[in-house]
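Asker: 3D model of this:
(chains A and B)
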Amino acid sequence: MLMIRHAIGSRLFLQTEDYSVIREEENWVITAAAKKEELENLIAFKEELNLFVVGENEKTWYYSSDASIKIVGSDKVQVTADHKTVYPV
Amino acid sequence: MIKVFTKSDGHSASNEWVESHFSFSFGNYYDPENVNFGPMRVLNDDIIQPNKGFGIHPHREAEVVSIAIEGQLKHEDSLGNSGVIEFGQVQRMTAGTGILHSEVNPSATEPGRFLQLWFFPDTKQLPPSYEDVNFDINQLTNQLLPVVAPTASEGVAMIHQDATIYLSKLEQGKNLDFNQEDGRKILVYVIEGSVLLNDEHSIGKQDSARITDIAALHLKASEDCLFMLIDLPGGES
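Answerer: Next up is the predicted model:
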């Protein structure tokens, strides 16, 4: 499961199982399905997004330090993250 | 201008283990007109039940200050730091490029109250760091005691922002004056009791005042009070 939250207070912007994470050189390109309202929020708060891939015993935290985010088509968001941390839950 | 924000102008949230009062937008409370005051972004007044707290979670690009008011707060982070603070201590965490931490009330019996303040850092991508400092609670009475400032000193934690946090216990009827430089801002937050600002604006527990374009601030305790005064740079609202 992918969750995208506001970095200030963890407000949830997107939760989905429809996503992919692809390694590209030093970055991670995370693409996820999202509805129109979700996309609007993600763009509005693009400087302050934390992305979490939630596993059974661990979470993987990603973020983009330069707010690299774009809309793909009309129903997908793509974030290019340059930071990744895995931690147990 | 002195703009008073009463407790009801903010937002309260609670669950079985924490009761929070948010002075600024936080979590699911979002008011685009109440996001920040200069570089100050978060002011939460939290009461945490015994043996409960905020489990391990990440932060980035924030200067996070915690001030214990009642009870204890235990900090642990991914840098290997740990510490327990109580009244008379303050902790500062630079999230910078990223840090994982937890903040819990370690007491088995007593709830804990603490203030959680976040500031935008003056520099991005700082290396994460943590410190906690002790201040002399006897020095709080009827004066402004700096506990967080841009430059570290004894009893003062260092923050990566041009901001200074003062605490004060002002006895009923006593006065204090704070002179502000041109273009800077002041935030006053009442922790307990009530205080009168410039003989005109009365603020009580969990109320705050956001002050701009005033060179001299006069504070008079309407009753015994504990408050926080934050000297902030000007600029963005």
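
Asker: How about chain B: which residue is closest to chain A?
Answerer: In chain B, the residue that lies nearest chain A is B:G27 (3.4 Å; C-beta to the nearest C-beta). Just so you know, the C-beta spots here come from the backbone N, C-alpha and C atoms, and that holds for glycine as well.

Asker: Chain B contacts on chain A?
Answerer: Residues of chain A lying close to chain B (C-beta under 8 Å from any C-beta of the partner chain) are A:6-11, A:50, A:61, A:63, A:65, A:83, A:85, A:87-89.

Asker: re earlier: pull the number of nearby residues for the residue of chain B closest to chain A.
Answerer: 18 (other C-beta atoms under 10 Å in any protein chain shown).

Asker: And for A:V72?
Answerer: 13.

Asker: do the same with B:L117
Answerer: 27.

Asker: If I look at it, what pLDDT would I see?
Answerer: If you check B:L117, the pLDDT there is 98.

Asker: Given the helix or strand hosting it, what are its sheet partners and their directions?
Answerer: Using DSSP states H and E, B:L117 sits within strand B:112-119. Take DSSP bridges as the rule and strand B:112-119 pairs in its sheet with strand B:40-48 (antiparallel), strand B:63-70 (antiparallel).

Asker: quick one: buried residues of the last one?
Answerer: Pointing back at strand B:63-70 there. B:63-69 (16 or more other C-beta atoms under 10 Å in any protein chain shown).

Asker: which stretches of chain A form strands?
Answerer: Under the criterion DSSP state E, chain A contains strands at A:2-6, A:12-16, A:19-24, A:27-33, A:49-54, A:58-63, A:69-72, A:76-81, A:83-88.

Asker: list the contacts for residue 71?
Answerer: Picking chain A for this. A:39, A:43, A:77-78 (C-beta atoms under 8 Å, 6 or more residues apart in numbering or on different chains).

Asker: think we crossed wires, I meant chain B
Answerer: B:48, B:86, B:105, B:107, B:110-114.

Asker: give me the low-pLDDT residue ranges for chain A?
Answerer: Low-confidence segments of chain A (pLDDT under 70): none present.
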